[in-house]
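Need coordinates for the below:
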Amino acid sequence: MSTASAQRAGLALLLFGWFLNSASTGVFAALGLLLGFLAAAFVVGAWLADY
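Next up is the predicted model:
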C-alpha cells in the first residue's frame with residue numbers, strides 16, 4: 001500500500017471514528033474515540049514510513 005493510500009484510508013477511519021463518537025453515546029462513542037486515535041496513529045505511521 002502506498003503512503004498516500006494508507007493516509008487516505010487512515011483519514012477515512014478517523015472521520016468515521018469522529019462521526020461515531022459524536023453521533024453515539026456509551027459504548028459506541030468510546031469505540032469511535034478509540035477508532036479515531038488508532039486511525040490517527042495509522043496516518044502518522046504511514047507518513048513516517050517515508051522517512
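
how about residue 36, secondary structure?
Secondary structure of residue 36, reduced to three states by DSSP: H, G, I helix; E, B strand; the rest coil: helix.

again but with residue 29, I slipped
Relying on three-state DSSP, one would call residue 29 helix.

For it, which residues are in contact?
Under the criterion of C-beta atoms under 8 Å, 6 or more residues apart in numbering, the contact partners of residue 29 comprise 20-22. Quick note: C-beta positions are derived from backbone N, CA and C, even for glycine.

how about 6 Å then?
Residues touching residue 29, when contacts are defined by C-beta atoms under 6 Å, 6 or more residues apart in numbering, comprise residue 21.

swap in the one 3 residues further on?
Contact criterion C-beta under 6 Å, 6+ apart gives 17, 20-21 as the residues in contact with residue 32.

for residue 42, same thing?
Contacts were defined as C-beta under 6 Å, 6+ apart; by that measure residue 42 touches residue 10.

Then residue 46?
When the contact criterion is C-beta under 6 Å, 6+ apart, the partners of residue 46 are 3, 6-7.

which of these count as buried?
Among these, those buried by neighbour count (16 or more other C-beta atoms under 10 Å) are 6-7.

Which of the contacts of residue 46 fall within helices?
Restricting those to those inside helices, with DSSP state H as the criterion, leaves 3, 6-7.
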